[in-house]
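1. need a 3D model of the sequence below.
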Amino acid sequence: MTLLSPWWLLLIPLLYGVILLHTMHPQRHRVLVPSTLLWERVLRELEADARWHRLVANLLLLVQLAALLALILALTRPAFLYALIKQRHDIYIVDVSASMSAVDLEPNRLQVAKERLLDLIRSDRPRQVSIVTAGPQPELIYAGRGSAALINAALLRITPGAGDIYWPGVVARVHAQLTEQTVQVTFISDGAMDSHVVTDLVTAVGDTPLRLERVSGNGNNVGIIAFEARQRGASLSEYEVLVTLANYGAQAVEVPLTLSGRSGLIAERIVSLAADSVQSVIIPYQFQTQDVLQAVIDSQDALAIDNTAHLTAYPPTPTRVLLVGPGNYFLETGLSVFPQVRLERRLLYPEQSDYPLVVFDRIPIPEDFTGTALYLAGAPADRALGARRTPQVTWYDRTHPLTRFIAWNDLYLQQAFNMPRLEGARILVESEAGPLLQLVRNNDQRVITLSFALEESDWPLKVSFPIFLSHLLRWAHPEGWEFVRNPLTVGDSLTLPAAFAQDRGWTVRLPDGSLVQVAKEDGPTFRDTRQAGVYTVVAEDNEFYFAVNAGGVTESDIRTRLHMPTGSFVDGAETQGAPATLSWIFALLALFLILLESWLYTHRVRRPVHTDMPLRTELWNQWRRIRAKRG
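-> Prediction:
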């Protein structure tokens, strides 16, 4: 048995108060006397001389003490938890995002979170425990008995990540562990996140209590939140490098910034940052060949992982485009405008081709096609669906990279095929005939479908046509257009270049120096980007670099921002489930004793005491006792 509200035991000294009241109250006997005139002086002397009397035990005192004790025990909520603990299951979510590596707590926030989890295990005593890590790649690291030793061994394998939390993965793993015996879900975190990100978690746990255990420090941090480059001028190699710094501290600071490349130092700056401010530094730079830029700030703050950022650059490579079909004058003329395009023509699609872009002109796309393709409708199957004459464009996506900066409603179409919406497609342009431009995307292919023939419209005669081709080429093969490769964030995936594949697949060197093999049968997608730094795709005679950076607007702000949704979180509360308490038994006992005490007080009988002692002798003895006490 345990007490759910033990602090009510602080009322036990009230029992001594009841005893004091009985001690101060004189215990007298009734005596029959002829007159009270002679006793008045004696009574005045006794009341003035004797405030305290020897306690005389009586039934009324015992009943009052028992009633008060029963009432205090009822307030402490005694309960038997053995049955609850025997089947109790708790889920613990441990934040392992980048902010948990901050050293504003000794030795860091994550280690403090581990110790807090073990303390909760020892105090809550769950029978079964599930532990889920919340980071860029969430994992279920433990599911078993609530043994502190076994859980400690599992926690030793946890290290802080370098990115933000991927919440869909966390929610899926927590939801899979919920059972009827789950008493509560505990989120151990520094709270360095916005409140809206936990909405899906609150929905997933349902009526199960959700507890937040904070392990946050002061949150002062200066970091690189963006490292990018933008092209300037007509040359493909002339760029402006932008390094964006943020100060999330309460005081202004001056931070030394160093920018270097493979050839050595590029620039040094002293950046002054006001409290809670953001500032960008622009440095002109001309790339000559393959390069890896590194930006470093010298800041003695709580989080070191965002003090370094990388950027990779490669000379643009030619964009090989394959045109499959009888030929298309307007398309071939439009592609010839771009000098980096290498156009090839085929009547049939060759197997195992590695073209960045394949255009199927009125030729059906093979079922086993992988890669990026543009399908120009007009095959016999499309004509069998019928066509609508002079359809008008009713809507288009103004934000997608393929359709932005184009006035699609200015097009004149002689006719458009009544093509249905493809499964899983994203509509980019809509018309009265149905989808004019739609995108189907999965792990192995990206297919853009155009529902009208170019020669049956005025589009090739408008400026928007080469703009669309430029968007298409950049989207399909960015390596042919830009020197700089935008860095990834932790947890992002990358399509490995086919030219670096070996017999068994690709070999990738991680920033810590370890090697990872990616098999060909698993595809060219690389997902193990849990570390921040420069990754290297190793080939026999060449290497390909790409960067993963840890800093960001949300990742570098390690201040506590999480506010609990009302009715969803219990902030550090000792949630014990719903055990059956024994308070009602003690409450009924206290009520019974109070009623008994009232009955005893009102129905007590005090019979008068008859004395044969002469009145004068009695008065003399009382007077003598008083004089003796006064000395």
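2. the stretch 251-400 of the chain: helices as residue ranges?
-> For the stretch 251-400 of the chain, the helices defined by DSSP state H, counting those that start in this stretch cover 329-335, 380-383.
3. dump those to TSV, plus mean pLDDT.
-> Shown next, in TSV, are those (pLDDT from 0 to 100):
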stretch	mean pLDDT
helix 329-335	95
helix 380-383	92
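4. so which of those is the most surrounded?
-> Most buried of these by mean neighbour count (mean count of other C-beta atoms under 10 Å) is helix 329-335; its value is a mean of 16. Where C-beta positions appear, they are placed from N, C-alpha and C, glycine not excepted.
5. and the contacts of that one?
-> 321, 323, 341, 343, 359, 361, 376, 454-455, 460, 465-466, 469 (C-beta atoms under 8 Å, 6 or more residues apart in numbering).
6. can you give me the helices in the stretch 1-150 of the chain?
-> Under DSSP H, counting those that start in this stretch, the stretch 1-150 of the chain gives helices at 14-24, 40-49, 59-75, 82-87, 109-124, 148-155.
7. make a ChimeraX selection of the buried ones in the contacts of helix 329-335.
-> Buried subset of the contacts of helix 329-335, written as a ChimeraX selection, criterion 16 or more other C-beta atoms under 10 Å:
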select :321,323,341,343,359,361,376,454,460,465,469
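8. quickly name whichever of the contacts of helix 329-335 is closest to Thr23.
-> Lowest distance from Thr23 to these (C-beta to C-beta) belongs to Leu469, with 102.8 Å.
9. distance of the closest residue to that closest one other than its chain neighbours from Asp124?
-> Leaving aside its chain neighbours, Leu469 sits nearest to Gly334 (5.0 Å; criterion: C-beta to C-beta, 6 or more residues apart in numbering). When distance is defined by C-beta to C-beta, to the nearest Å, Gly334 is 68 Å away from Asp124.
10. related to what we said a few turns ago, can you list the helices of the stretch 1-150 of the chain in TSV and add mean pLDDT and distance to Trp8?
-> Listed next are the helices of the stretch 1-150 of the chain as TSV, based on pLDDT from 0 to 100; distance: least, C-beta to C-beta, whole Å:
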stretch	mean pLDDT	distance to Trp8
helix 14-24	78	11
helix 40-49	61	38
helix 59-75	85	4
helix 82-87	54	21
helix 109-124	93	19
helix 148-155	94	30
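11. okay if I get these as TSV plus mean neighbour count and distance to Ala134?
-> Output for the helices of the stretch 1-150 of the chain, formatted as TSV (neighbours: other C-beta atoms under 10 Å; distance: least, C-beta to C-beta, whole Å):
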stretch	mean neighbour count	distance to Ala134
helix 14-24	13	48
helix 40-49	12	74
helix 59-75	18	39
helix 82-87	13	26
helix 109-124	18	11
helix 148-155	15	14
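12. in TSV, list these along with distance to Thr258.
-> Shown next, in TSV, are these (distance: least, C-beta to C-beta, whole Å):
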stretch	distance to Thr258
helix 14-24	70
helix 40-49	91
helix 59-75	65
helix 82-87	57
helix 109-124	28
helix 148-155	37
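13. any idea which of these gets closest to Gly327?
-> helix 109-124 (61.6 Å).
14. element containing Ala246, please.
-> Assigned by DSSP states H and E, Ala246 belongs to strand 238-247.
15. show the average pLDDT along that strand.
-> In this model, strand 238-247 has an average pLDDT of 94.
16. now it: buried residues?
-> Within strand 238-247, judged by 16+ other C-beta under 10 Å, the buried ones are Tyr239, Val241, Leu242, Val243, Thr244, Leu245, Ala246, Asn247.
17. check contacts around Gln445.
-> Contacts for Gln445 (C-beta under 8 Å, 6+ apart) come out as Phe369, Thr370, Gly371, Thr372, Ala373.
18. quick check, nearest of those to Ala204?
-> Nearest member of those to Ala204, counting by C-beta to C-beta, is Thr370, at 35.0 Å.
19. what about the closest residue to that closest one other than its chain neighbours, how many neighbours?
-> Spatially, and ignoring its direct neighbours in sequence, Thr370 is nearest to Asp444 (4.5 Å; C-beta to C-beta, 6+ apart). Per other C-beta atoms under 10 Å, the neighbour tally for Asp444 reads 12.
20. look up how far Gly371 lies from Asp444.
-> For Asp444, the distance to Gly371 - C-beta to C-beta - is 8 Å.
21. so Thr525 touches Asn443, yeah?
-> Yes: using C-beta atoms under 8 Å, Thr525 is in contact with Asn443, at 6.7 Å.
22. tell me which of the two has more neighbours.
-> Between Thr525 and Asn443, counting by other C-beta under 10 Å, Thr525 is the more crowded of the two (12 against 9).
23. need the phi and psi values for that one.
-> Main-chain dihedrals, Thr525, degrees, to the nearest 10: phi -90, psi 130.
24. residues touching the closest residue to it other than its chain neighbours, list them.
-> Leaving aside its sequence neighbours, Thr525 sits nearest to Ser493 (C-beta to C-beta, 6+ apart; 5.3 Å). By C-beta under 8 Å, 6+ apart, the contact set of Ser493 is Thr525, Phe526, Arg527, Thr529.
25. could you do Leu69 as well?
-> Leu69 touches Ile12, Leu15, counting by C-beta under 8 Å, 6+ apart.
26. same question for Asp361.
-> Leu323, Val324, Gly325, Pro326, Gly327, Asn328, Leu331, Leu376, Gly378.
27. the nearest residue to the fifth one once chain neighbours are set aside and Glu351: what is the separation?
-> This means Gly327. Of all residues not flanking Gly327 in the chain, Arg345 sits nearest, at 6.6 Å (C-beta to C-beta, 6+ apart). Separation of Arg345 from Glu351 (C-beta to C-beta): 17 Å.
28. returning to that earlier point: which of the helices of the stretch 251-400 of the chain sits closest to Tyr535?
-> Among those, if distance is taken as C-beta to C-beta, the winner is helix 329-335, at 32.9 Å.
29. so how far is stretch 432-449 off the chain centroid?
-> 33 Å (C-alpha atoms, centre = their mean, to the nearest Å).
30. ok so, going back, scan the contacts of Ser493 and report the most crowded one.
-> Thr529 (24 neighbours).
31. looks to me like that one is in a helix.
-> No: looking at Thr529 with DSSP: H, G, I helix; E, B strand; the rest coil, it is coil, so not inside a helix.
32. residues in contact with it?
-> Going by C-beta under 8 Å, 6+ apart, the list of residues near Thr529 reads Pro136, Leu488, Val490, Gly491, Asp492, Ser493, Leu494, Tyr535, Val548.
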